[in-house]
Structure formats: C-alpha cells, structure tokens
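A.B. asks: Only the shape, not the letters, is given here:
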C-alpha cells in the first residue's frame, strides 16, 4: 500500500495526519505556515484522497504503513482519528516518532460504561447506516458536528466543506471502516507506553471529543501537557489557525 504525501518546506520532518472523512488538503493553511520552519509531510490516510486503501483497515495497519514510508526520525501531529493513528504509531515506533502533537484526540471515541467522555455508540451506528442512504448529506452533517459550539462555527463549517469537496470524497467503504475504528478502538491501556514529549491541544467547546478526553490524555501519557483552546470546538486549527500554528511551532522547536 502506497500513501500519497504532499511535502513542502525545509527543516525537521513534520508529519500531519487528518481525521475521519477528510484528506491532507485540510492542512493547507497550517502546512503553508509550518513549512517555513519544517519539512512538512501532509499524508492522505489509507482510502482517503489519493492514497490506496488498506485491508483490513486498522489503526495498527495504518501506523505500520506510516512507519515504513515516513522519514526515519520525525515529528508527528494528528487530528481526531489521525491522533489515534499517531498514538498507535508512536507506540510501535518510539525511535522514529520524536515528538507528538494531538489535536482534538481521544483514546476512546465511543462511550463506554467506564468512559463517559465520548460520543454515544448509537450516534456512530446511525452515521454508519445513514451513509448508505445519503452519503453526501451524512458527510455534511458530520462536518457540522465538528464545528458545533465553536465561536467561529459558520466559518469552520464552510472551510471544512470546501476542503472536503475540493477533492474526490472517500469511498463509502473507507468511511464505514473508519467509523468501525472509532466505535471499537480503546487506547487507554497503551498510553503508558507512549513516552515521547506530547502536546495535547483541545478545544474547550468540543462536543465530539469532550475536553475531559484531552485532560485524560495529558494525565496518563508519561510526558504530556495540555493546552485548552478557548472558544474552539473539534477543529481548532481551522477556527484559530494562527494560534495553533504558534503553539505547534514552539513545541516542535523544543529540544
């Protein structure tokens, strides 16, 4: 399986991993700014954008593909599902992933009896069923949920939609596999093995991955710190690109 990667800039290698339903193009503005200081690799995850699919499509298979195709030593930033891929990659390749930034990431996306900081499983099941009946409409509704509560909700929704439909949307099978990952994945038991310096960025109005999930990550990753972004929902790098860029640059410049 070959991953499509958009690379630009010079400096330390920095890999950007997008979330469910999206592609590397969502990083356009942020990648432009970060490429002034880093060699930025914006990756289409398997089945998204121009990357081939993987079967089975699991966090482990995606992480293994990244470990094989990305630079031998790199900085990694993941958003939402991409954050879960980044956590998995950092765990299996600790010498390759030097530092880790997690945006709107949770160790467990689906609510459980011992994990209330998440979306109800029924919501994800309903999205999976709706994809079969109204593919485009379901994607648009999910994008609206990502912006829900954001101080810049209208602008964020518009930007997400423009980015999604600027390229070919992923196949329904890819989206269904991604939803299955979000339903089943629980990385809580693995966090203690991810020792890399980690920056957790979380919007204080995020309804898909509540702020408590970011707080949990910052407490249970051995070398993590949390920054809450006021007025931001699930896509803070869209609603406050300048602020997120400054935080990432400062963190990844540290040695």
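C.D. replies: That came through fine. On a predicted model such as this, the values are computed, not experimentally measured, just so you know. Numbering: from 1, shown residues only.
A.B. asks: Just the buried residues of stretch 115-126, please?
C.D. replies: Neighbour-count burial for stretch 115-126, counted by 16 or more other Cβ atoms under 10 Å, picks out 115, 117, 118, 119, 124. C-beta here means a position set from N, CA and C on the backbone, and glycine is covered the same way.
A.B. asks: close enough to count as contact, the second one and residue 216?
C.D. replies: Think residue 117. Yes. Using Cβ atoms under 8 Å, residue 117 makes contact with residue 216 at a distance of 6.6 Å.
A.B. asks: Quick check: neighbours shared by those two?
C.D. replies: residue 106 (Cβ atoms under 8 Å, 6 or more residues apart in numbering).
A.B. asks: thinking again about what came up before, any chance of TSV for the buried residues of stretch 115-126, columns distance to residue 249?
C.D. replies: Converted to TSV, the buried residues of stretch 115-126 look like this (distance: Cβ to Cβ, whole Å):
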residue	distance to residue 249
115	33
117	29
118	30
119	31
124	34
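A.B. asks: Now for the spatially closest residue to residue 19 that is not a sequence neighbour, how many residues are close by?
C.D. replies: Computed as Cβ to Cβ, 6 or more residues apart in numbering, the closest residue to residue 19 that is not its neighbour in sequence is residue 80, at 3.3 Å. By other Cβ atoms under 10 Å, the residues close to residue 80 number 26.
A.B. asks: Run through the residues that contact residue 80.
C.D. replies: By Cβ under 8 Å, 6+ apart, the residues touching residue 80 are 19, 20, 103, 104, 105, 208, 209, 234.
A.B. asks: any idea how far residue 170 is from it?
C.D. replies: 15 Å (Cβ to Cβ, to the nearest Å).
A.B. asks: what do you get for residue 48?
C.D. replies: Distance from residue 48 to residue 170, by Cβ to Cβ: 5 Å.
A.B. asks: Looking at the two, which one has more neighbours?
C.D. replies: residue 48 (29 against 26).
A.B. asks: In terms of pLDDT, where does that one sit?
C.D. replies: Looking at residue 48, its pLDDT reads 91.
A.B. asks: quick one on the thing from earlier: would you convert the contacts of residue 80 into JSON lines that also reports pLDDT?
C.D. replies: Rendered in JSON lines, the data for the contacts of residue 80 read as follows (pLDDT from 0 to 100):
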{"residue": "19", "pLDDT": "94"}
{"residue": "20", "pLDDT": "92"}
{"residue": "103", "pLDDT": "98"}
{"residue": "104", "pLDDT": "97"}
{"residue": "105", "pLDDT": "98"}
{"residue": "208", "pLDDT": "92"}
{"residue": "209", "pLDDT": "95"}
{"residue": "234", "pLDDT": "96"}
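A.B. asks: mind listing which of these are in strands?
C.D. replies: residue 103 (DSSP state E).
A.B. asks: any idea which of the contacts of residue 80 is closest to residue 154?
C.D. replies: Minimum distance to residue 154 across the contacts of residue 80 is 14.8 Å, recorded for residue 234 (Cβ to Cβ).
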